[in-house]
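Novice: One predicted model, sequence on top.
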Amino acid sequence: MERLAEKGICEGLLPDAIAEAVAAGEASECPVALGSPPVDGEDGWLECLLPATRSRVPRVDEAGNVDYRDLGDILAVHAGEPLMRRHAPTPGEDGINVLGQVIPAKAGKDARFASKLPGTTCAPDDADLLLAKVGGQPVVVPEGMIVEAVYTVESVNAATGNIRFDGSVVIKGDVMAGMTVQASGDIEVGGVVEAAMVDAGGCIVIKGGAIG
(Lines give C-alpha, C1' and ligand atoms only; values in the text may rest on other atoms or scores of the structure.)
Protein backbone atom coordinates (compact mmCIF):
# COMPACT_ATOMS: atom_id res chain seq x y z
CA MET A 1 0.00 0.00 0.00
CA GLU A 2 2.93 2.31 0.73
CA ARG A 3 4.43 1.57 -2.70
CA LEU A 4 1.08 2.33 -4.39
CA ALA A 5 0.85 5.59 -2.46
CA GLU A 6 4.37 6.51 -3.57
CA LYS A 7 3.30 6.03 -7.19
CA GLY A 8 0.23 8.20 -6.63
CA ILE A 9 -2.19 5.33 -7.18
CA CYS A 10 -5.21 6.16 -5.08
CA GLU A 11 -8.31 5.13 -7.06
CA GLY A 12 -9.81 1.74 -7.80
CA LEU A 13 -7.64 -0.21 -5.35
CA LEU A 14 -8.39 -3.95 -5.15
CA PRO A 15 -7.69 -4.94 -1.50
CA ASP A 16 -8.82 -8.55 -2.02
CA ALA A 17 -6.39 -9.07 -4.91
CA ILE A 18 -3.58 -7.47 -2.88
CA ALA A 19 -4.35 -9.72 0.12
CA GLU A 20 -4.29 -12.82 -2.10
CA ALA A 21 -0.93 -11.82 -3.57
CA VAL A 22 0.53 -11.21 -0.11
CA ALA A 23 -0.79 -14.55 1.13
CA ALA A 24 0.77 -16.31 -1.87
CA GLY A 25 4.12 -14.68 -1.19
CA GLU A 26 4.62 -13.67 -4.81
CA ALA A 27 2.64 -12.39 -7.81
CA SER A 28 3.21 -11.61 -11.47
CA GLU A 29 1.11 -9.20 -13.53
CA CYS A 30 -1.57 -9.18 -10.86
CA PRO A 31 -3.95 -6.17 -11.15
CA VAL A 32 -4.05 -4.27 -7.86
CA ALA A 33 -6.02 -1.21 -9.04
CA LEU A 34 -8.50 -0.53 -11.83
CA GLY A 35 -9.77 2.79 -13.09
CA SER A 36 -13.27 3.49 -14.41
CA PRO A 37 -13.56 4.09 -18.17
CA PRO A 38 -15.67 6.99 -19.40
CA VAL A 39 -19.13 6.30 -20.81
CA ASP A 40 -19.77 8.43 -23.88
CA GLY A 41 -23.12 10.16 -24.21
CA GLU A 42 -25.84 8.98 -26.57
CA ASP A 43 -26.61 11.00 -29.68
CA GLY A 44 -29.85 12.91 -29.93
CA TRP A 45 -32.53 11.30 -32.09
CA LEU A 46 -35.80 11.96 -33.85
CA GLU A 47 -38.83 9.95 -32.75
CA CYS A 48 -41.66 9.39 -35.24
CA LEU A 49 -44.98 9.93 -33.46
CA LEU A 50 -47.13 8.38 -36.19
CA PRO A 51 -48.29 4.76 -36.17
CA ALA A 52 -45.76 2.33 -37.59
CA THR A 53 -46.05 2.10 -41.36
CA ARG A 54 -48.08 -0.95 -42.18
CA SER A 55 -47.91 -2.91 -45.40
CA ARG A 56 -50.82 -2.43 -47.75
CA VAL A 57 -51.95 -6.00 -48.30
CA PRO A 58 -55.25 -7.46 -49.51
CA ARG A 59 -57.96 -7.59 -46.88
CA VAL A 60 -59.76 -10.75 -45.93
CA ASP A 61 -63.38 -10.45 -44.76
CA GLU A 62 -65.12 -12.61 -42.14
CA ALA A 63 -66.23 -15.07 -44.81
CA GLY A 64 -62.64 -15.58 -45.94
CA ASN A 65 -63.07 -13.71 -49.21
CA VAL A 66 -60.06 -11.74 -50.42
CA ASP A 67 -60.35 -8.45 -52.32
CA TYR A 68 -57.00 -8.02 -54.04
CA ARG A 69 -57.90 -4.45 -55.02
CA ASP A 70 -58.50 -3.33 -51.43
CA LEU A 71 -55.07 -2.79 -49.84
CA GLY A 72 -56.28 -0.45 -47.10
CA ASP A 73 -56.20 3.30 -46.65
CA ILE A 74 -53.18 5.50 -47.30
CA LEU A 75 -51.84 7.13 -44.14
CA ALA A 76 -52.80 10.81 -43.94
CA VAL A 77 -52.43 13.50 -41.28
CA HIS A 78 -54.29 16.71 -40.52
CA ALA A 79 -52.98 20.19 -39.79
CA GLY A 80 -51.72 20.47 -36.20
CA GLU A 81 -51.12 16.73 -35.78
CA PRO A 82 -47.79 15.82 -34.07
CA LEU A 83 -45.31 14.18 -36.45
CA MET A 84 -41.92 13.93 -34.75
CA ARG A 85 -40.23 14.69 -31.45
CA ARG A 86 -36.56 15.59 -31.11
CA HIS A 87 -34.73 14.10 -28.14
CA ALA A 88 -31.66 15.82 -26.69
CA PRO A 89 -28.30 14.03 -26.49
CA THR A 90 -26.91 12.88 -23.14
CA PRO A 91 -23.63 14.28 -21.74
CA GLY A 92 -22.15 10.90 -20.78
CA GLU A 93 -20.28 9.98 -17.60
CA ASP A 94 -16.64 10.86 -16.98
CA GLY A 95 -14.21 8.11 -16.03
CA ILE A 96 -11.27 8.20 -13.62
CA ASN A 97 -7.85 6.57 -13.78
CA VAL A 98 -5.90 4.97 -10.94
CA LEU A 99 -4.10 8.28 -10.31
CA GLY A 100 -7.41 9.98 -9.56
CA GLN A 101 -7.37 11.92 -12.83
CA VAL A 102 -10.69 12.47 -14.59
CA ILE A 103 -11.10 10.97 -18.08
CA PRO A 104 -13.63 13.18 -19.87
CA ALA A 105 -16.53 11.52 -21.66
CA LYS A 106 -17.64 12.56 -25.12
CA ALA A 107 -21.05 14.17 -25.19
CA GLY A 108 -23.59 12.86 -27.70
CA LYS A 109 -24.20 14.74 -30.93
CA ASP A 110 -27.27 16.91 -31.25
CA ALA A 111 -30.08 15.95 -33.65
CA ARG A 112 -31.67 18.74 -35.62
CA PHE A 113 -34.66 19.12 -37.89
CA ALA A 114 -33.76 20.04 -41.46
CA SER A 115 -34.11 23.73 -42.26
CA LYS A 116 -36.76 23.12 -44.94
CA LEU A 117 -39.50 20.58 -44.29
CA PRO A 118 -42.48 21.49 -46.52
CA GLY A 119 -45.89 21.10 -44.97
CA THR A 120 -44.61 21.13 -41.38
CA THR A 121 -43.85 23.57 -38.57
CA CYS A 122 -42.46 23.44 -35.04
CA ALA A 123 -44.91 23.80 -32.16
CA PRO A 124 -45.00 27.43 -30.93
CA ASP A 125 -44.34 26.37 -27.33
CA ASP A 126 -42.01 23.43 -28.05
CA ALA A 127 -39.19 23.69 -30.59
CA ASP A 128 -38.56 19.95 -30.27
CA LEU A 129 -42.04 19.00 -31.54
CA LEU A 130 -42.72 18.91 -35.29
CA LEU A 131 -46.34 19.42 -36.36
CA ALA A 132 -48.19 19.05 -39.64
CA LYS A 133 -48.86 22.49 -41.14
CA VAL A 134 -51.25 21.13 -43.78
CA GLY A 135 -53.23 17.97 -44.26
CA GLY A 136 -51.78 15.29 -46.49
CA GLN A 137 -49.48 12.29 -46.72
CA PRO A 138 -46.52 12.23 -44.27
CA VAL A 139 -43.19 11.20 -45.78
CA VAL A 140 -40.08 10.54 -43.70
CA VAL A 141 -37.00 12.30 -45.08
CA PRO A 142 -33.46 12.76 -43.74
CA GLU A 143 -33.58 14.92 -40.59
CA GLY A 144 -37.34 15.08 -40.36
CA MET A 145 -40.63 14.57 -42.17
CA ILE A 146 -42.59 16.41 -44.82
CA VAL A 147 -46.31 16.47 -45.57
CA GLU A 148 -47.41 16.22 -49.18
CA ALA A 149 -50.85 17.71 -49.66
CA VAL A 150 -51.24 15.78 -52.91
CA TYR A 151 -50.85 12.01 -53.23
CA THR A 152 -49.24 11.16 -56.57
CA VAL A 153 -49.23 7.74 -58.21
CA GLU A 154 -48.21 6.57 -61.69
CA SER A 155 -51.41 4.58 -62.32
CA VAL A 156 -54.12 2.73 -60.42
CA ASN A 157 -54.28 -1.01 -60.96
CA ALA A 158 -54.22 -4.27 -59.02
CA ALA A 159 -50.59 -3.64 -58.06
CA THR A 160 -51.34 -0.30 -56.38
CA GLY A 161 -54.75 -1.30 -55.05
CA ASN A 162 -57.68 1.05 -54.60
CA ILE A 163 -56.79 4.58 -53.56
CA ARG A 164 -58.52 6.20 -50.56
CA PHE A 165 -56.85 9.42 -49.45
CA ASP A 166 -57.79 12.36 -47.25
CA GLY A 167 -56.56 15.06 -49.62
CA SER A 168 -56.05 15.46 -53.36
CA VAL A 169 -54.84 12.72 -55.71
CA VAL A 170 -52.89 13.01 -58.95
CA ILE A 171 -52.74 9.92 -61.20
CA LYS A 172 -50.24 10.35 -64.01
CA GLY A 173 -51.48 7.39 -66.04
CA ASP A 174 -54.65 5.33 -66.26
CA VAL A 175 -57.23 4.00 -63.81
CA MET A 176 -57.84 0.39 -64.75
CA ALA A 177 -61.24 -1.32 -64.82
CA GLY A 178 -62.69 -2.38 -61.49
CA MET A 179 -60.56 -0.01 -59.42
CA THR A 180 -61.77 2.68 -56.99
CA VAL A 181 -60.24 6.10 -56.33
CA GLN A 182 -61.68 8.17 -53.46
CA ALA A 183 -60.32 11.51 -52.26
CA SER A 184 -61.63 14.26 -50.02
CA GLY A 185 -60.04 16.85 -52.33
CA ASP A 186 -59.55 16.93 -56.10
CA ILE A 187 -58.66 14.03 -58.39
CA GLU A 188 -56.65 14.53 -61.58
CA VAL A 189 -56.12 11.68 -64.01
CA GLY A 190 -53.56 12.17 -66.77
CA GLY A 191 -54.63 9.11 -68.73
CA VAL A 192 -57.83 7.14 -69.25
CA VAL A 193 -60.39 5.99 -66.70
CA GLU A 194 -61.85 2.62 -67.63
CA ALA A 195 -64.93 1.10 -65.94
CA ALA A 196 -63.84 2.30 -62.50
CA MET A 197 -65.26 4.45 -59.71
CA VAL A 198 -63.72 7.88 -59.14
CA ASP A 199 -65.17 9.78 -56.18
CA ALA A 200 -63.85 13.19 -55.11
CA GLY A 201 -64.90 15.80 -52.57
CA GLY A 202 -63.67 18.46 -55.01
CA CYS A 203 -63.18 18.47 -58.78
CA ILE A 204 -62.40 15.51 -61.05
CA VAL A 205 -60.27 16.09 -64.14
CA ILE A 206 -59.77 13.21 -66.61
CA LYS A 207 -57.42 14.26 -69.40
CA GLY A 208 -57.50 11.05 -71.43
CA GLY A 209 -61.22 10.39 -71.36
CA ALA A 210 -63.43 7.75 -69.73
CA ILE A 211 -64.37 4.33 -71.09
CA GLY A 212 -67.26 2.26 -69.79
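Specialist: On my side now, so go ahead.
Novice: hey, let's count contacts and neighbours off CA atoms from now on
Specialist: Noted.
Novice: what's the distance between Ile204 and Val169?
Specialist: Distance from Ile204 to Val169, counting by Cα to Cα, to the nearest Å: 10 Å.
Novice: my bad, Ala79
Specialist: 18 Å.
Novice: hmm, back to that, what touches both of Ile204 and Val169?
Specialist: By Cα atoms under 8 Å, 6 or more residues apart in numbering, Ile204 and Val169 have these common neighbours: Asp186, Ile187, Glu188.
Novice: residue ranges of the helices in this structure, please?
Specialist: Using DSSP state H, the helices of the chain run over 2-6, 15-24.
Novice: Ala79 and Val169: which is more packed in?
Specialist: Neighbour totals were compared for Ala79 and Val169, and Val169 leads with 25 against 15 (other Cα atoms under 10 Å).
Novice: Test my guess that that one contacts Ser155.
Specialist: No - look at Val169 against Ser155 with Cα atoms under 8 Å: they stay out of range, at 11.0 Å.
Novice: that older thread, want to throw the helices of the chain into a markdown table with distance to Asp126 and mean pLDDT?
Specialist: Rendered in a markdown table, the data for the helices of the chain read as follows (distance: least, Cα to Cα, whole Å; pLDDT from 0 to 100):
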| stretch | distance to Asp126 | mean pLDDT |
| --- | --- | --- |
| helix 2-6 | 53 | 90 |
| helix 15-24 | 52 | 91 |
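Novice: can I get those helices in a markdown table with mean neighbour count and distance to Cys48?
Specialist: Formatted as a markdown table, these follow (neighbours: other Cα atoms under 10 Å; distance: least, Cα to Cα, whole Å):
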| stretch | mean neighbour count | distance to Cys48 |
| --- | --- | --- |
| helix 2-6 | 10 | 53 |
| helix 15-24 | 12 | 50 |
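Novice: before we move on, back to that, so which of the shared contacts of Ile204 and Val169 is the most crowded?
Specialist: Ile187 (25 neighbours).
Novice: who's that one bridged to?
Specialist: Beta bridges link Ile187 to Val169, Ile204, judged by DSSP bridges.
Novice: Can you tell me what sits against stretch 131-146?
Specialist: Under Cα under 8 Å, 6+ apart, the answer for stretch 131-146 is 46, 74-84, 111-114, 117-123, 147-151, 166-167.
Novice: Quick one, which of those are buried?
Specialist: The neighbour-count test (16 or more other Cα atoms under 10 Å) marks 46, 74-78, 80-84, 111, 113, 117, 119-122, 147-151, 166-167 as buried among the contacts of stretch 131-146.
Novice: Is the spatially most central residue of the chain bridged to anything, and to what?
Specialist: Centroid check for the chain by Cα atoms, centre = their mean gives Cys48 as the closest residue, at 4.5 Å. Note on Cys48: beta-bridge partners Met84, judged by DSSP bridges.
Novice: Where does the prediction get shaky in this structure?
Specialist: Residues of the chain meeting the criterion pLDDT under 70: 52-61, 66-73.
Novice: Can you name the residues that contact the most far-flung residue of it relative to its centre?
Specialist: Farthest-out residue of the chain from its mean C-alpha position, per Cα atoms, centre = their mean: Gly25, at 60.3 Å. Contacts for Gly25 (Cα under 8 Å, 6+ apart) come out as none.
Novice: same deal with Val170?
Specialist: So Val170 contacts Val150, Tyr151, Thr152, Val153, Ile187, Glu188, Val189, Gly190 (Cα under 8 Å, 6+ apart).
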